[in-house]
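# The sequence isn't on hand, but the structure is:
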């Protein structure tokens with residue numbers, strides 16, 4: 001067996017391909033087995049020295065790659081956080097949306113959250129705006145389901161006394177918005193159902209047009225052909241955006257079930273908007289993610305209780321999987337009537353509404369939907 005040198009000075013230096021001299025001792029010399037391996041394969045001292053040099057380099061390369069990856073992740077997270085913060089801070093907040101903002105309770109884990117979604121016909125050149133679409137969106141306590149409950153705008157209900165009509169009076173529910181804005185509308189809903197509403201989100205016609213345009217449109221299944229103001233909607237899957245989308249959700253006169261079918265269309269479009277906004281393509285793409293947040297920021301108004309912190313808290317608790325997690329429900333009516341002054345209206349199904357209200361109040365909408373297929 002060859003002798004193993006005992007001192008670094010006894011071993012010649014071997015130049016590597018880069019012109020650098022390698023210390024054949026490394027950081028402590030070679031073991032007997034190393035030298036035997038050198039002799040066995042005839043590689044020579046220089047080959048093993050270069051191998052040892054590479055072994056010493058690979059941890060540095062690995063750590064450098066890891067550092068780059070960490071910096072990239074941190075950069076993306078920072079971009080997401082900045083985008084979210086900018087958009088959330090930019091949302092219009094109106095302290096007068098809720099009838100009593102002080103009555104709104106903090107978000108409790110495991111408890112349902114009730115949002116009132118209002119689409120209003122407020123637009124340039126039109127006075128006396130009304131709520132053209134009225135939906136209670138209940139997010140389940142486990143945050144796995146979102147239930148959209150439509151209240152037809154022509155439902156004949158009792159509207160509380162207000163500055164315009166100074167006593168409780170019967171009228172179509174959308175008159176509440178005209179007489180007292182979102183706050184009176186929400187108060188009317190609370191009186192009608194006995195359910196406390198937690199938050200409100202408002203979007204007007206121009207906002208809806210902009211929203212559907214900027215997210216690139218949505219695709220829905222249209223169960224019956226129809227038309228409105230020069231726009232035709234064929235039966236089957238159709239893609240909607242901008243003014244065309246607005247006309248689609250407002251059409252009712254040539255639909256088989258009038259306002260009922262219109263409300264169903266509105267729920268379908270809202271479901272499609274939510275699904276597209278929360279899709280993997282959006283969430284995983286920082287640019288798209290930022291664009292969608294900016295669209296919502298520009299086109300919606302929320303109550304003062306939906307602070308950036310509360311919105312983040314709700315968003316991070318969501319467990320919605322896909323559009324099957326969003327359920328659509330129609331508040332029940334029992335028929336149609338006509339007021340003394342000739343207004344055609346929808347008659348509230350009192351018993352059916354009591355069942356719905358109980359399910360909303362107790363967080364049992366899954367049971368309600370199972371027992372009342374739509």
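Okay, I see it. Nothing here was measured: the structure is a model prediction, and the numbers come from that model. Numbers count the residues shown, from 1 in each chain.

# Quick check: buried residues in the helix or strand hosting residue 292?
For residue 292, the element it lies in under DSSP states H and E is helix 286-299. Across helix 286-299, burial judged by 16 or more other Cβ atoms under 10 Å covers 286, 288, 289, 290, 291, 292, 293, 295, 296, 299. For glycine as for every other residue, the C-beta is placed from the backbone atoms N, C-alpha and C.

# what's near enough to touch the fifth one?
By Cβ atoms under 8 Å, 6 or more residues apart in numbering, the contact list for residue 291 reads residue 214.

# and residue 157, helix, strand or coil?
strand (DSSP: H, G, I helix; E, B strand; the rest coil).

# What is the burial count for the closest residue to it other than its chain neighbours?
Nearest residue to residue 157, sequence neighbours excluded (Cβ to Cβ, 6 or more residues apart in numbering): residue 173, at 4.9 Å. By the criterion of other Cβ atoms under 10 Å, residue 173 has 26 neighbours.

# just residue 268 next, same as before
Neighbourhood size, residue 268 [other Cβ under 10 Å]: 21.

# show me what contacts it?
Shown in contact with residue 268 (Cβ under 8 Å, 6+ apart): 220, 221, 328.

# redo that, cut-off 6 Å
If a contact means Cβ atoms under 6 Å, 6 or more residues apart in numbering, then residue 268 has residue 220 as its contacts.

# A helix includes it, no?
Yes: counting by three-state DSSP, residue 268 is found in a helix.

# For it, give its distance to residue 222.
Applying Cβ to Cβ, to the nearest Å, the value for residue 268 to residue 222 is 9 Å.

# Sketch out the low-pLDDT regions of the stretch 151-300 of the chain for me.
Along the stretch 151-300 of the chain, segments meeting pLDDT under 70 span 280, 283-286.

# what about the helices in it?
Assigned by DSSP state H, counting those that start in this stretch, the helices in the stretch 151-300 of the chain fall at 175-193, 205-214, 242-250, 259-277, 280-283, 286-299.

# Summarise which helices and strands the second one is packed against.
Read it as helix 205-214. The contact analysis (3 or more Cβ pairs under 6 Å, 6 or more residues apart in numbering; DSSP states H and E) places helix 205-214 against helix 242-250, helix 286-299.

# can you redo these as TSV with distance to residue 276?
Shown next, in TSV, are those (distance: least, Cβ to Cβ, whole Å):
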stretch	distance to residue 276
helix 242-250	12
helix 286-299	8
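
# Of those, which is nearest residue 203?
In terms of Cβ to Cβ, the element of the helices and strands packed on helix 205-214 nearest to residue 203 is helix 286-299, at 6.0 Å.

# State the helix or strand in which the nearest residue to residue 121 once chain neighbours are set aside lies.
Once flanking residues are discounted, residue 121 sits nearest to residue 132: 4.5 Å by Cβ to Cβ, 6+ apart. Per DSSP H and E: residue 132 is located in strand 131-139.

# Distance check, the spatially most central residue of the chain against residue 321.
By Cα atoms, centre = their mean, the chain has its centre lying nearest to residue 278, at 4.7 Å. Using Cβ to Cβ, we find residue 278 at a distance of 10 Å from residue 321.

# same question, residue 155
Going from residue 155 to residue 321 by Cβ to Cβ gives 32 Å.

# ok, now residue 308?
For residue 308, the distance to residue 321 - Cβ to Cβ - is 26 Å.

# who's more crowded, the two?
The neighbour comparison of residue 308 against residue 321 (other Cβ under 10 Å) goes to residue 308, with 16 against 10.

# Contact partners for that one?
Counting by Cβ under 6 Å, 6+ apart, residue 308 touches 88, 89.

# And the pLDDT for residue 26?
Residue 26 carries a pLDDT value of 42.

# And stretch 256-266, what's buried?
Buried residues in stretch 256-266 (16+ other Cβ under 10 Å): 258, 259, 260, 261, 262, 263, 264, 265, 266.

# Turn the residues you listed into CSV, including distance to residue 103.
Output for the buried residues of stretch 256-266, formatted as CSV (distance: Cβ to Cβ, whole Å):
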residue, distance to residue 103
258, 35
259, 31
260, 32
261, 35
262, 32
263, 28
264, 32
265, 33
266, 28
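
# Let me know the closest of the residues you listed to residue 168.
Distance to residue 168 across the buried residues of stretch 256-266 (Cβ to Cβ) is lowest for residue 259, with 24.1 Å.

# Do I have it right that the closest one meets residue 152?
Yes: counting by Cβ atoms under 6 Å, residue 152 is a contact partner of residue 259 at 5.0 Å.

# Nearest to residue 339 among the helices and strands packed on helix 205-214 would be which one?
helix 242-250 (22.8 Å).

# neighbouring contacts of the closest one?
208, 209, 212, 213, 228, 229, 231, 233, 240, 265, 266, 269.

# Got a quick ChimeraX command for the buried subset of the residues you listed?
In ChimeraX, a selection of the buried entries from these looks like this (16+ other Cβ under 10 Å):
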select :208,209,212,213,228,233,240,265,266,269
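
# burial of residue 238, as a residue count?
Using other Cβ under 10 Å, residue 238 has 18 other residues around it.

# so how far is residue 277 from it?
Counting by Cβ to Cβ, the gap from residue 238 to residue 277 is 19 Å.

# and the gap between residue 332 and residue 238?
Using Cβ to Cβ, residue 332 is found at 28 Å from residue 238.

# Can you give me the buried ones in the helix or strand containing residue 367?
Using DSSP H and E, residue 367 sits within helix 365-371. By 16+ other Cβ under 10 Å, the buried positions in helix 365-371 come out as 365, 368, 369.
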